[in-house]
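A.B. asks: this one's sequence-less:
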């Protein structure tokens, strides 16, 4: 163990930097690889109507019949209605899907069927981009996103949400 | 200029200390960044799957994350208990909006509300949170979903 010692010149201390650097590189590599913990996460933009008119400046300008601009629905010709059973077994799953439009209400069998139907009726619509989803209040969010996904795939990029028809009746 | 004696060998050692300094600084940066991101994004929330989900835009910096658990409660960074009732949620969103309005100016809040809701949350809870966001003045909203299972 004579390394670092020279006769008559004092003690020369050598830090072993190379293994330290190797270890640092390995840890750095680990953090670089894990830099994006949510890399598989994606976003779906939600369409909201444009902001409403300015509020009344004076009491005389107030209109009690004016509906406040707090709705999160789009003005669309089609509304996808999703039902869920209330049997305590399949609660939260999809039991029924129907599409309500000017022509009436049409039931579809599945989410894939919904996508096909929406594609088939799109050319007859005036507003070809907007669509609304109205789901039962107890439907799981997972299924709502599935239906939203089907709407976007069918060519309706602006998806809005309507209040659940049974909102207030459920605890 | 260094002078070399005839009987001594030339010792050429690269100076690794600056390289080590640099590596340690980068290491520090990545450690801090990873911790910061995981605070905002609650990993315990299981997001739904959507094939049409777009890759996240990195140019949006003014964001408000709302992590909604399966009970419909909002988990907020820095609070032990999640916001459970709508009064609490309303107050939280109102405070957030007012704070941002003070910084940006009246009517100039450009915050994107990013909703990370659990796949098992009920639709009415997510809907009511969306509605509250809009009632408080937020205009830009995004839903988060996983692009792959």
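C.D. replies: The structure has been received and is ready for your questions. Since we're looking at a predicted model, the values are computed, not measured.
A.B. asks: contacts and neighbour counts: CA atoms only from here.
C.D. replies: OK.
A.B. asks: Distance-wise, check residue A:86 relative to residue B:45.
C.D. replies: Distance of residue A:86 to residue B:45, computed by Cα to Cα, to the nearest Å: 25 Å.
A.B. asks: Hmm, I typed the wrong one, I wanted residue A:143.
C.D. replies: Here residue A:143 is placed at a distance of 16 Å from residue B:45 (Cα to Cα).
A.B. asks: Same question for residue A:25.
C.D. replies: Distance, residue A:25 to residue B:45, using Cα to Cα: 32 Å.
A.B. asks: Equivalent analysis for residue B:18, please.
C.D. replies: 42 Å.
A.B. asks: From the neighbour counts alone, determine which of these two ranks first.
C.D. replies: Under the neighbour definition other Cα atoms under 10 Å in any protein chain shown, residue B:18 and residue B:45 were set side by side, and residue B:45 has more, 17 against 9.
A.B. asks: Look at the more buried one and report its pLDDT.
C.D. replies: On pLDDT, residue B:45 comes in at 85.
A.B. asks: what helix or strand is it on?
C.D. replies: Using DSSP states H and E, residue B:45 maps to neither a helix nor a strand.
A.B. asks: residues in contact with the nearest residue to it once chain neighbours are set aside?
C.D. replies: Once flanking residues are discounted, residue B:45 sits nearest to residue B:118: 5.2 Å by Cα to Cα, 6 or more residues apart in numbering or on different chains. Residue B:118 sits next to A:141, A:142, B:45, B:46, B:47, B:48, B:68, B:69, B:70 when contact means Cα atoms under 8 Å, 6 or more residues apart in numbering or on different chains.
A.B. asks: what's the distance between residue A:19 and chain B?
C.D. replies: Per Cα to the nearest Cα, to the nearest Å, residue A:19 is found 11 Å from chain B.
A.B. asks: Just give me the neighbour total for that residue.
C.D. replies: Counted with other Cα under 10 Å, residues neighbouring residue A:19 total 9.
A.B. asks: Chain B: strands as residue ranges?
C.D. replies: Listed in chain order, the strands of chain B (DSSP state E) span residues B:54-55, B:63-68, B:74-75, B:112-117, B:140-146.
A.B. asks: Does chain A have contacts with the third one?
C.D. replies: This points to strand B:74-75. No - applying Cα under 8 Å from any Cα of the partner chain, one finds strand B:74-75 separated from chain A by no less than 14.9 Å.
A.B. asks: Now for residue 27: which residues touch it?
C.D. replies: Because you didn't say which chain, this covers chain A. By Cα under 8 Å, 6+ apart, residue A:27 lies in contact with residue B:27.
A.B. asks: Chain B is the one I meant
C.D. replies: Neighbouring residues of residue B:27 by Cα under 8 Å, 6+ apart: A:24, A:27, A:28, A:31.
A.B. asks: Spell out the residue ranges of the helices in chain A.
C.D. replies: In chain A, the segments counted as helices under DSSP state H are A:17-33, A:111-121, A:141-153.
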